[in-house]
Structure formats: C-alpha cells, structure tokens
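Undergrad: sharing a model prediction with you, sequence too.
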Amino acid sequence: MALENFENSLIGESPELNGVIWAAKITAASDVTVLIQGESGSGKEVFAKLIHNGSKRNSQKLISVNCAAIPENLAESMLFGHIKGSFTGAVSNQQGYIQSADKGTLFLDEIGELSLSVQAKLLRFMESSECQKVGSTTTEHVDVRVIVATNRDLRAEIAKGNFREDLFYRLHIVPLDIPSLRERTGDLELLLKHFNHSLAEQYGVRPAVYSKAAIKCLKAYSWPGNVRELRNLCERMSILLAGKTIEVDNLPAEIKNAQKPMLGSIVSLPESGLSLEKLEIELIQQALNKTSGNRSRAARLLGLTRDTLLYRMKKYTLA
C-alpha cells in the first residue's frame, strides 16, 4: 500500500485521529517497534495492519496474535515453538508465531495479558532477535518487525508487578495513542455514513437514514465499545430497518437514555462555595475512570499534558 493512500483507509477528519495517522504513516516506513495503546474497539488492529501494509515488509506475512486468547500454559510454546517430546502432547516439532512471521511483521495484541515468564523470554528475543523453542538447546535468528497493542495502562501494570519495566521500555519506542470514539465525536457522522453504505451493499438492501435527533443522541453517547460498537449498531439497523429513517425511539435504550453533562453544571459555583482542590481531585478521578486508568487519554480529556496530570496525581496522592 502506498503511503500516500494511508489516510484513505481510515474514516475520520478529527485532529485527534489525524495526529495518530501522521505518526503511524511516518512510522510505517521504518522498522521500528510500535506500541499501540487504546480502548477495546478503537481500531488498534486496523492501525497495525496499515503500518504493516505501508512498510517494506508488506509482501511478507503479518502474523496477528491475540495474547488474551492464548492459554497461559501454552503461551511460550505457541509464541516460540517447541520440539518433539518437550512436553506431554508435543508429538512433533512445531514452529511458533514468531518463526511464522520471519521476514514479516508480528502483531501481539493485548500484550499486557502475557505472564511475566513469557515476557522475560519475549524481552530476550526483542534484544537479540534470537528465538529458542521449548525443549531446544539451540537458538535461531528470526528477522521480524514487532508491533504490540494494549488497552491497559502498562505503567500502572508495572507498578502492580504485572508487567516488566525493562520490556515496557523496549516496546515503548514509538507509542501511538488511538483516541476513543467519544474523543472524536466529530467523526461520528462520517463513520455512520461509511458503515451504512458498506453494510447496505453487503446485505443487498437500501441504506438506513438517521434523523438529526438520532444523530444528536448518538453524539451524546459515550461509546464504551468505540468504533466496533458503532459498526455493530449500524449492522443491526441495516438488517432490521433497511431503507428506513432511524429515529431516537429506534435506538437501543442505553444510547437514547444517555446524556452528556452540561459544562455549566460542572463549573457552576454554589452559593455556599466549594473546595477547588476537591473539585480538581474529582475531575481527575472521573477522567481516569472514563479512560480505564490510561493517563495519556485522561490528560487529553482534561486538557493537560501527561506530565502535568502525573504531577497533580502525585500532589493529591492519586497515583
């Protein structure tokens, strides 16, 4: 895929998305390790595929691995391979995902789900490009570009003892923070139009049309499932209400009952006064809750730099 067509594969015009697209486009041309961070359904795998397709390895395989779906006792074997007889059930030599990605790209989704022991072996591979199968006494060199993704705050996982700090810094070369859908609601109508027409074509029906009131309601919703949740909604409407005008009453209860808090209700000063410190603490906690603890996105919601947010969290002992 030509780099100049990179943007055409992503739907949206918001500054939040365009900034990540620009960074991904530049990154794709190199062989650098990429850490993609974002909520579930925000498009992390889409970015991984685009980076691979825009790289010099695009004629080779992209091997995608969902680390959360790998049984813990098989993770090492599935990633690094094994030799016959190395454990019960190992009836033949087997290469792992890493060897399968040789000369291409390895995408490890939900990297935070790997056990500490597998993380240690992954770190060794990242540093040496040498892969050792389970049960083997020899290593083999594998030429692979690594892209990882997570919906967790890995710094918080390090503090909890769930993630290796040395591996984090080996992966944290080019971090890409994918904005959630609620952070780029200006893109919602573009996504809605795209999904409506592509799904109508897929199912051979006329596309549904959304009323202005329905669109306003969709924009007020927080979209915890992000773009994936929006696509699922569009698919449901395309099947059940093909060619119809979608009104607010046609939307799921969790969407039509959602309301965004008005800015005035947040900053309105009561007659009795308030504690500015308590208000700031509450807003920081709300931002962290909305982003599942991701401090980069929480800082963006509050209009702060990440360092400023970390300073204020430390100040209020919220870390």
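TA: Thanks, I have it.
Undergrad: which stretches of the stretch 51-200 of the chain aren't confidently modelled?
TA: Within the stretch 51-200 of the chain, the segments meeting pLDDT under 70 span 91.
Undergrad: hmm, Glu45 is touching Phe107, no?
TA: Yes. A contact is recorded between Glu45 and Phe107 when judged using C-beta atoms under 8 Å, the distance being 7.2 Å. The C-beta positions use only the backbone N, C-alpha and C, and glycine is treated the same way.
Undergrad: where exactly do the strands run in the stretch 101-250 of the chain?
TA: 105-109, 130-131, 140-141, 145-150, 174-177, 209-210, 245-246 (DSSP state E, counting those that start in this stretch).
Undergrad: which one of the ones you listed lies closest to Ser292?
TA: Ser292 lies closest, by C-beta to C-beta, to one member of the strands of the stretch 101-250 of the chain: strand 145-150, at 10.9 Å.
Undergrad: can you list the strands that the closest one pairs with?
TA: In the sheet containing strand 145-150, its partner strands are strand 34-37 (parallel), strand 105-109 (parallel), by DSSP bridges.
Undergrad: okay, His194 and Glu254: tell me how far apart.
TA: His194 sits 23 Å away from Glu254, taking C-beta to C-beta, to the nearest Å as the criterion.
Undergrad: just Glu39 next, same as before
TA: Note on Glu39: its distance to Glu254, by C-beta to C-beta, is 17 Å.
Undergrad: neighbour count: these two, which is higher?
TA: When Glu39 and Glu254 are compared on other C-beta atoms under 10 Å, the one with more neighbours turns out to be Glu39, at 25 against 10.
Undergrad: ok, now which ones touch the residue nearest to the more buried one when sequence neighbours are not counted?
TA: On the basis of C-beta to C-beta, 6 or more residues apart in numbering, the spatially nearest residue to Glu39 that is not a chain neighbour turns out to be Ser180, at 5.0 Å. Shown here is Ser180, whose contacts under the criterion C-beta atoms under 8 Å, 6 or more residues apart in numbering are Gly38, Glu39, Ser42, Trp223, Asn226, Thr291, Arg297.
Undergrad: quick check on the second one: phi, psi?
TA: Here the main-chain torsion angles of Glu39 (degrees, to the nearest 10) amount to phi -70, psi 160.
Undergrad: thought it was touching Asn226?
TA: Yes. Using C-beta under 8 Å as the test, Glu39 is close enough to Asn226 to be in contact (5.6 Å).
Undergrad: one step back: which of Glu45 and Phe107 has more neighbours?
TA: With other C-beta under 10 Å as the criterion, Glu45 and Phe107 differ in neighbour count, and Phe107 comes out ahead with 27 against 15.
Undergrad: so that one sits against Leu62, correct?
TA: Yes. If you go by C-beta under 8 Å, Phe107 and Leu62 touch, sitting 6.3 Å apart.
Undergrad: and for those two, which residues touch both?
TA: Shared contacts of Phe107 and Leu62 (C-beta under 8 Å, 6+ apart): Ala48, Lys49, His52.
Undergrad: before we move on, what's the pLDDT of Gly264?
TA: In this model, Gly264 is scored at 47, pLDDT.
Undergrad: and for the nearest residue to Phe195 once chain neighbours are set aside, the neighbour number?
TA: Using C-beta to C-beta, 6+ apart and skipping residues adjacent in sequence, the residue nearest Phe195 is Cys234, 3.8 Å away. Residues contacting Cys234 under the criterion other C-beta under 10 Å number 24.
Undergrad: and the gap between Cys234 and Pro175?
TA: Taking C-beta to C-beta, one finds Cys234 at 30 Å from Pro175.
Undergrad: quick check: closest non-adjacent residue to Ala213.
TA: Ala213 sits nearest to Val248 (C-beta to C-beta, 6+ apart), 5.1 Å away.
Undergrad: got the contact list for that neighbour?
TA: Listed by C-beta under 8 Å, 6+ apart, the contact set of Val248 reads Ser211, Ala213, Ala214, Cys217, Lys256.
Undergrad: now swap in Ser129 and tell me
TA: Counting by C-beta under 8 Å, 6+ apart, Ser129 touches His141, Val142, Asp143, Val144.
Undergrad: please repeat the previous calculation with a cut-off of 7 Å.
TA: Going by C-beta atoms under 7 Å, 6 or more residues apart in numbering, Ser129 touches His141, Val142, Asp143.
Undergrad: return the member of those nearest to Gly112.
TA: Of those, the one sitting nearest to Gly112 (C-beta to C-beta) turns out to be Val142, at 22.9 Å.
Undergrad: surely the closest one is in contact with Cys131?
TA: Yes. The criterion here is C-beta atoms under 7 Å, and Val142 meets it with Cys131 at 4.8 Å.
Undergrad: much appreciated, bye for now.
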